[in-house]
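Peer 1: any chance you could fold what I've pasted below:
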Amino acid sequence: MCGIAGLIHRGKSGAIGKEMTAMLQSLKHRGPDSTGFALYGKPDKDPQTHVMRFKVAEQEDMRQGFDIVHQVKARKAEVDKRLKEFGAKVLKKDKATDYAYRYFFSYDGDLRRLIDYIEDVEGAETLSVGQALELVKDLGDASTVAGDYKLKKMKGTHGIGHTRMATESDVDIRSAHPYWAYPFSDVSVVHNGQLTNYWGKRREMERRGHRFMSNCDSELIAVYLADAMDRGEDLEGAMHRSVDELDGVFTYLVATSDSLGMAKDVMAAKPMVLYESDDFIALASEEVAIRSVFPHEIDTHDPYEGEVRVWTNM
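Peer 2: Predicted coordinates:
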């Protein structure tokens, strides 16, 4: 019964961290196990500058004491070494938690080869790499995760998020949402529902050379859309095709560097509420999430079955 939410400012930036925290906290009852944010800011003027969010352990690993602390330090040092080996120049390092980090770096080489090399470090997982996207997810409700990672101060143009109730996989960071479309810059997805043709479509994507970081069907949606856009299709066209080609009951939100999209399957079994104004677009599994940001009187509506919508920050 997971909860999803998204918000985009039209033509400006705003307090996206604070806003998404409020929306996701109001959906805590739909998923108390973990919370995830995909937050988008203005890209750096230099196209070779990237921001990377990564972790070198799971939250529960840190209870093991001195041994894991030593391993975390060694893993981070190895990530630093591998970035240097590939010629990536680290511009800024932020320690988000004892096991999660945020790096800004300059690199003009093959991004996929670099990320693959970093992820060969035992325990390392790249949550996102992009020019606009920063993806954060961890155990706990939205207020806890936002507090741990200092997200409430983040400014940005748009974001999507997810509250998870674990039903078929472990309660860990790897199983939490959103999912970044590895290795495509700035594409992320949150999703409520289930894809019944997951394995068939995943094998199709793997034959096209794509690598998956989890067994979650939300990641498949992200990779499916990113693959289509990489081959020249626009976001809205790829989303329309996904409604036809992805089987199951689902509602999903997708974000790119400048866009927010929504799609519902033809049965429209999974809830979604939409609010539109001249300045904002807000979507969520329940209206209470939208009202956490817009407490005044607003008019919302439910998207219809098979509906696809895309909004840009323009």
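Peer 1: number of residues surrounding Ala289?
Peer 2: Around Ala289 there are 28 other residues, counting by other C-beta atoms under 10 Å. The C-beta positions use only the backbone N, C-alpha and C, and glycine is treated the same way.
Peer 1: give me phi/psi at it?
Peer 2: phi -70, psi -40 (degrees, to the nearest 10).
Peer 1: need the contact list for it.
Peer 2: Gly3, Ala5, Ala22, Met23, Leu24, Ser26, Leu27, Val273, Ala282 (C-beta atoms under 8 Å, 6 or more residues apart in numbering).
Peer 1: now do the helix or strand where the last one lies, average pLDDT.
Peer 2: Following DSSP states H and E, one finds Ala282 within strand 280-284. Taken as a whole, strand 280-284 has an average pLDDT of 96.
Peer 1: show me what counts as buried in it.
Peer 2: Phe280, Ile281, Ala282, Leu283, Ala284 (16 or more other C-beta atoms under 10 Å).
Peer 1: in its sheet, what does it sit against?
Peer 2: strand 3-9 (antiparallel), strand 273-276 (antiparallel) (DSSP bridges).
Peer 1: out of these, deepest packed?
Peer 2: Burial of the strands paired with strand 280-284 is given as mean neighbour count (mean count of other C-beta atoms under 10 Å); strand 3-9 ranks first at a mean of 28.
Peer 1: how far is the helix or strand following it from where the chain is centred?
Peer 2: Going down the chain from strand 3-9, the next helix or strand is helix 16-25, by DSSP H and E. Distance, stretch centre to chain centre, for helix 16-25: 14 Å (C-alpha atoms, centre = their mean, to the nearest Å).
Peer 1: other SSEs contacting the very next helix or strand once past helix 16-25?
Peer 2: Next in sequence after helix 16-25, counting helices and strands by DSSP H and E, comes strand 34-40. The contact analysis (3 or more C-beta pairs under 8 Å, 6 or more residues apart in numbering; DSSP states H and E) places strand 34-40 against helix 16-25, strand 133-139, helix 142-149, strand 158-164, strand 188-195.
Peer 1: out of the ones you listed, which is closest to Ala57?
Peer 2: Closest of the helices and strands packed on strand 34-40 to Ala57 is strand 133-139, at 11.5 Å (criterion: C-beta to C-beta).
Peer 1: tell me the domain ranges of this structure?
Peer 2: Residue ranges for the domains of the chain, per automatic domain parsing: 3-43+138-312, 47-131.
Peer 1: could you say which of those domains is packed most deeply?
Peer 2: By mean count of other C-beta under 10 Å, these have domain 3-43+138-312 as the most buried, with a mean of 20.
Peer 1: for the most centrally placed residue in the chain, give me its contacts.
Peer 2: Centroid-nearest residue in the chain, with C-alpha atoms, centre = their mean: Pro178, separated by 3.5 Å. Going by C-beta under 8 Å, 6+ apart, Pro178 touches 36-38, 135, 137, 160-162, 188-190, 218, 222.
Peer 1: okay, those residues in TSV with pLDDT and distance to Lys81 next?
Peer 2: Below are the contacts of Pro178 laid out as TSV (pLDDT from 0 to 100; distance: C-beta to C-beta, whole Å):
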residue	pLDDT	distance to Lys81
Gly36	95	29
Phe37	97	29
Ala38	97	28
Leu135	96	24
Lys137	94	26
Ile160	98	33
Gly161	97	33
His162	96	33
Ser188	96	28
Val189	96	32
Val190	96	34
Ser218	90	32
Ala222	95	29
